[in-house]
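> Compute the structure for the input listed below.
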Amino acid sequence: MWAGLTIGLLLALDTFVGSRSSSFARVADILIEAYIILRAFRSVQDFRDTELQGEISLWRCFSYTLNLFFFASLIGALFNVIYYKYIAPEYLTELLEKSKPAFEAMFKQNPNYTEGMLEQLMTPETMAMSSIVSQCMIGMVLGLLFKPFLTRRRDAKL
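Sure, this is the predicted structure:
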């Protein structure tokens, strides 16, 4: 739970820094995302060493990383709702205006598409839900990618 809390706080920080448009913010955003991956890896490694006596199966690595990112994404989503609704509500409006031409070009052939649909997609709540889903997917992929790096050789000394 502590690992999920720390990664969740890092996700909140990533949301805050990622909404800025300066060059420094872009570099900081990349560094935060890299640190999230490193922190998640270290958490799975600690779990392997303390709870599983140094051996971790693919399923345990996958499920632990998914759970870790699920709890972290809940914390990050709570921050997203607060941030997009109360701290910087103009950010979603700017994002909506920037993405309108791309969405209109993509869906111009769809007779069911209206401009109101795009505004319904860019609410704090839907952004929070999409961040939960995307962070869980990232957790699933990382859970699979971490496994080869967490396998110990049998003849290695602990």
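
> pLDDT at the most centrally placed residue in the chain, what is it?
Relative to the mean C-alpha position of the chain, the nearest C-alpha, by Cα atoms, centre = their mean, is the one of residue 135, at 3.3 Å. As summarised for this prediction, residue 135 has a pLDDT of 96.

> any idea how far residue 128 is from it?
Separation of residue 135 from residue 128 (Cβ to Cβ, to the nearest Å) stands at 11 Å. The C-beta positions use only the backbone N, C-alpha and C, and glycine is treated the same way.

> One more: residue 42?
Distance, residue 42 to residue 128, using Cβ to Cβ: 27 Å.

> so where's this structure uncertain?
153-158 (pLDDT under 70).

> all strands for it, in order.
Taking DSSP state E as the criterion, the chain carries no strands.

> Tell me where it has helices.
For the chain, the helices defined by DSSP state H occupy 2-18, 23-51, 58-82, 89-107, 115-121, 124-150.

> roughly how far is the shortest one from the heart of the chain?
Relative to the chain's own centre, helix 115-121 is displaced by 23 Å; criterion: Cα atoms, centre = their mean, to the nearest Å.

> That one - contacts with which helices or strands?
When contacts are defined as 3 or more Cβ pairs under 8 Å, 6 or more residues apart in numbering; DSSP states H and E, helix 115-121 sits against helix 89-107.

> Enumerate every residue touching the residue lying closest to residue 123 once chain neighbours are set aside.
For residue 123, ignoring the flanking residues on the chain, the nearest one in space by Cβ to Cβ, 6 or more residues apart in numbering is residue 92 at 7.4 Å. Neighbour list for residue 92: 84, 122-124, 127 [criterion: Cβ atoms under 8 Å, 6 or more residues apart in numbering].

> Cool, thanks, signing off.
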